[in-house]
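>>> This is a predicted model, with the sequence first.
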There are 2 protein chains.
Amino acid sequence: MEKDLPTEKKIKEAARKIFHKKGYAGTRTRDIAEEAGINPALLNYYYRSKEKLFDLVFDEGFSEISASLNILLNDDKFDLAVKIDYIVNKYIDVVSKNPDLPLFILGEIKANPENLKKKLGLSGTLLTTSKLYEQMRNQLDFSGSIPVNPIHIIINILSMTIFPFVGKPLIKNMTEMNDLDFEQFIEERRTLIPMWIKSMLKIQEK
Amino acid sequence: MEKDLPTEKKIKEAARKIFHKKGYAGTRTRDIAEEAGINPALLNYYYRSKEKLFDLVFDEGFSEISASLNILLNDDKFDLAVKIDYIVNKYIDVVSKNPDLPLFILGEIKANPENLKKKLGLSGTLLTTSKLYEQMRNQLDFSGSIPVNPIHIIINILSMTIFPFVGKPLIKNMTEMNDLDFEQFIEERRTLIPMWIKSMLKIQEK
DNA sequence: AAATAATTTAATCAAATGTTTAAAATAATT
DNA sequence: AATTATTTTAAACATTTGATTAAATTATTT
């Protein structure tokens, strides 16, 4: 680290980096201090406690994921086919820039499920009342195939974009990919995933 | 817990449960002892240290995932279409019985990537030398479509089966599913995922 | 039944860890 | 320039936590 940032920012950036990699329980405040290049007491001086700092980092990370998810769900400028291209690419952008974020969020939620309802106001109808859901339902009705709950398709988009990042160390190990190969692999998925999703929705490729 | 098991087993079962949910760093040996209903000192009496006990739990969990993966990859009794049905269902079976396992394994690997190479002998050619890979490559060649690396398809199988479990708390929260709904949702995917995968491989549904 | 081995318990230890404190250093204000 | 406020530091504190020890209990063997 070191960068010429105000101390407060240096601490938060270091905290983000370490929390994202090691999780709350696996992170020691002294590691954050070292990463930020500051005296350990400054963490408490600026953020009161490890937990307060963590909450900040977690909420920011969750917002980032949540924001892209909302774009994915509620945009109504584009028709379904165009939107699928857009959202898959958008999601890959976000996760590529924060590869540790999904596993961090999911891991902390699992370790502490109570907080999900308290801290985060996720409406239970987030998916089913979304524009995207409606568009998919219409498309699936028209295509006259086996009825499929559009939730499956939305989950498939998330699965196929996010999972490779979550499983990156294993994938790299099983395929002898280096970091560049992996990046290339993800790039290929920018066009492949929309293609597969459209096929699930019986949308003709043009 | 309590069950009438030998102390040694009680400890390992309790350890598995807590490690799987909280991870190594988030688990206190006293919590394991309490869960097992035994005196804290017995953990060290039977397993020497928290780390030794953890390694045992981790290796067993990894073997379980790994074993199903190997079945997935190396079976050559069945042709591709039948095999896809089989392996998707098999994988859903395994993960349904251990819903916390995938996130546990992936999280611990991320927190401690060095151990992946040391502890686990994953050959780097695990995927590309597999029977499944060969079958997919043949199928994709014959179908005469855009060339797609079969790795993508294998990753898609894993993504679409595993990710819903990894994201379960979020999915439940966004869709108002209860546990039964979620189970039903997974059951639907037993037939849907093979259908989608075959479509990606241009295999005709019969 | 006596002796020995194995298991369990309560108490304690040492190290790690989040946090506080009081003084020192630096910056801002008058 | 003197004073005040802010930031930084080194040291220490209180808890937590993994581990150990020695005694007590239970089981096994002779």
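That came in fine, so what should we check first?
>>> Residue numbers of chain A in contact with DNA strand D?
Within chain A, the residues that sit near DNA strand D (Cβ under 7 Å from any atom of the strand) are A:7, A:38-42, A:45. In this view, the C-beta of every residue, glycine as well, is placed from N, C-alpha and C.
>>> which two from the residues you listed end up farthest apart in space?
Comparing all pairs in the residues of chain A next to DNA strand D by Cβ to Cβ, the longest separation belongs to A:Thr7 and A:Pro40, at 12.5 Å.
>>> Give me the distance between the residue nearest to A:Val95 when sequence neighbours are not counted and A:Leu106.
In space, A:Val95 comes closest to A:Phe165 once its chain neighbours are excluded; the distance is 5.3 Å by Cβ to Cβ, 6 or more residues apart in numbering or on different chains. Separation of A:Phe165 from A:Leu106 (Cβ to Cβ, to the nearest Å): 11 Å.
>>> Neighbour count for these two, which is higher?
Set side by side, A:Phe165 and A:Leu106 show more neighbours around A:Leu106, with 22 against 19, by other Cβ atoms under 10 Å in any protein chain shown.
>>> So which elements touch the longest helix seen in chain A?
Criterion DSSP state H: the longest helix present in chain A is helix A:50-74. Judged by 3 or more Cβ pairs under 8 Å, 6 or more residues apart in numbering or on different chains; DSSP states H and E, helix A:50-74 is in contact with helix A:7-26, helix A:41-47, helix A:80-97, helix A:101-111, helix A:114-119, helix A:131-143.
>>> Let me have those in TSV, extended by distance to B:Asp93 and mean pLDDT.
Supplementary listing: the helices and strands packed on helix A:50-74 in TSV, determined by distance: least, Cβ to Cβ, whole Å; pLDDT from 0 to 100:
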stretch	distance to B:Asp93	mean pLDDT
helix A:7-26	29	97
helix A:41-47	45	97
helix A:80-97	29	94
helix A:101-111	21	95
helix A:114-119	27	72
helix A:131-143	28	90
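>>> Ranking those by mean neighbour count, which comes first?
Burial among the helices and strands packed on helix A:50-74, expressed as mean neighbours by mean count of other Cβ atoms under 10 Å in any protein chain shown, is greatest for helix A:101-111, which shows a mean of 23.
>>> check whether that one contacts chain B.
Yes - under the criterion of Cβ under 8 Å from any Cβ of the partner chain, chain B is reached by helix A:101-111 at A:103, A:106-107, A:109-111.
>>> ok, and what's touching that helix?
A:19-21, A:23-25, A:58, A:61-62, A:64-65, A:95, A:115-116, A:162, A:165-166, B:21-23, B:26, B:100, B:103, B:106-107, B:110, B:166-167, B:169-170 (Cβ atoms under 8 Å, 6 or more residues apart in numbering or on different chains).
>>> CA-only coordinates of that helix in CSV, if you can.
What follows is helix A:101-111 as a C-alpha-only set of coordinates in CSV (Å, rounded to 0.1, in the frame of the first residue of the first chain):
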residue,chain,number,x,y,z
LEU,A,101,-16.1,-9.7,-3.5
PRO,A,102,-18.7,-12.4,-4.3
LEU,A,103,-17.1,-15.1,-2.1
PHE,A,104,-16.6,-12.5,0.7
ILE,A,105,-20.2,-11.5,0.7
LEU,A,106,-21.5,-15.0,0.4
GLY,A,107,-19.2,-16.3,3.1
GLU,A,108,-20.0,-13.6,5.6
ILE,A,109,-23.7,-14.0,5.1
LYS,A,110,-23.4,-17.7,5.7
ALA,A,111,-21.3,-17.3,8.8
